[in-house]
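A.B. asks: sequence unknown, structure follows:
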């Protein structure tokens, strides 16, 4: 038997309770999470999960290795450091300073290959520190990300072309790939550059100084703002018959990190789809006479059904009373269309009174009438009153329930038991 532990609401749940939605039918626009399955785990609403089966979009991740590769790519493919020696152009190799190599360089002051030969020209770099940058935005919470970024996809396989979509003006769905807002970091790299001659070193320093304060990396992947503030003085080493010139400098790279880890997957879904809809055209009329004709033509089937139902009542009346009352038949077959006159935003008058129901039929009431404004049906629940004035009738609506009010140029139609 498990003991239920009371869990306090987090900040997002508390703030959601304070939001009053604009549309009560739509509800709260914020995500409402279900209760956690275990205490301490982040909330998870399975209704918001989208299957990634057969999805070609991979989760967006970027790690420290990507930052290192951006530096290496920029050295090898953009700067392409080189020196001229004995009338020959030599490319400067760039290697990453593994712990073993870096320790050897710090002790000896230079780097030798496996055969013991001094390696120059050569450049070696090593990552020395990773510091978070608090001045920029972040995800706020590692267990439930509150800040996300959207990437709009230009193509979505759900929007397959069809004539139905074109003819009905179907708005295509838009696919968005969601990614958590990264953690911004400042990465420091220590670099050492060796050459045989000072003149060679000066050329390389000029190239590196010119490339400072720009974006380094592969344009097809990631680029990061990098800067070199200073170069230490060149130092000449005399080692036997070998001679090498060395320069030390630091690279400051402004990067960001999004790990490929479990908590990142729990933090935010990877895909979202926009709402799709089908838009149908609206046919309108230009005059009262044309509109009235269309209303009569559009309601012909309903009128026939009403007459059919009334004829059934007529048969019942004949069976019950044994005779046919002409007044009853006249009442049943009456279904007039009357155009109302605008009085105010909530009131309309009709130039006809109500047709009195003969005995033993039920007295005429609001249920015997239907009303339309510009072709739109007025729900009976939004009608405050409809009164009979013998020679005229008055219709009053509840503007709040109807959602709008009458205007002077509206065409308001009443259909029912008018005299």
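C.D. replies: Ah, there it is. Model, not experiment: these values are computed from the prediction.

A.B. asks: And the protein, what are its domain boundaries?
C.D. replies: Segmentation of the chain into domains, based on automatic domain parsing, reads 1-49, 57-280, 288-416.

A.B. asks: ranking those by mean pLDDT, which is last?
C.D. replies: Confidence, taken as mean pLDDT, is least for domain 1-49 of the domains of the chain (a mean of 58).

A.B. asks: Just the helices from this protein, written as ranges.
C.D. replies: Listed in chain order, the helices of the chain (DSSP state H) span 11-17, 64-73, 99-108, 163-167, 198-211, 262-267, 288-298, 300-321, 326-333, 399-402.

A.B. asks: Just the residues contacting the second one, thanks.
C.D. replies: Put plainly, it is helix 64-73. Residues outside helix 64-73 that contact it (CB atoms under 8 Å, 6 or more residues apart in numbering) are 94, 96, 125, 127, 130, 187, 189, 216-218, 221-224, 226, 251, 253, 255, 257. Bear in mind the C-beta positions are built from the backbone N, C-alpha and C, glycine included.

A.B. asks: Try it again at 7 Å.
C.D. replies: Helix 64-73 is contacted by residues 94, 96, 125, 127, 130, 187, 189, 216-218, 222-224, 251, 253, 255, 257 when judged by CB atoms under 7 Å, 6 or more residues apart in numbering.

A.B. asks: Can you tell me how far residue 339 is from residue 99?
C.D. replies: From residue 339 over to residue 99 the distance is 92 Å, taken as CB to CB, to the nearest Å.

A.B. asks: Of these two, which one has the most company?
C.D. replies: Per other CB atoms under 10 Å, whichever of residue 339 and residue 99 has more neighbours is residue 339, with 16 against 8.

A.B. asks: roughly how far apart are the nearest residue to that one once chain neighbours are set aside and residue 397?
C.D. replies: Residue nearest to residue 339 in three dimensions, not counting chain neighbours: residue 413, with 6.1 Å by CB to CB, 6 or more residues apart in numbering. Residue 413 is 14 Å from residue 397, where distance means CB to CB.

A.B. asks: repeat for residue 207
C.D. replies: 80 Å.

A.B. asks: who has more neighbours, those two?
C.D. replies: The neighbour comparison of residue 207 against residue 397 (other CB under 10 Å) goes to residue 397, with 24 against 14.

A.B. asks: In contact with the more buried one, which residues are there?
C.D. replies: Residue 397 neighbours (CB under 7 Å, 6+ apart): 346, 378, 382, 383, 384.

A.B. asks: filter those to the buried ones?
C.D. replies: Taking 16 or more other CB atoms under 10 Å as the criterion, what is buried in the contacts of residue 397 is 378, 383.

A.B. asks: Now distance to residue 195 too, for the contacts of residue 397, in CSV please.
C.D. replies: Below are the contacts of residue 397 laid out as CSV (distance: CB to CB, whole Å):
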residue, distance to residue 195
346, 91
378, 90
382, 88
383, 93
384, 94
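
A.B. asks: hang on, residue 249 packs against residue 227?
C.D. replies: No. With contacts counted by CB atoms under 7 Å, residue 249 stays clear of residue 227, the gap being 10.8 Å.

A.B. asks: Between the two, which is the more surrounded one?
C.D. replies: The neighbour count for residue 249 versus residue 227, taken as other CB under 10 Å, is higher for residue 249 (19 against 14).
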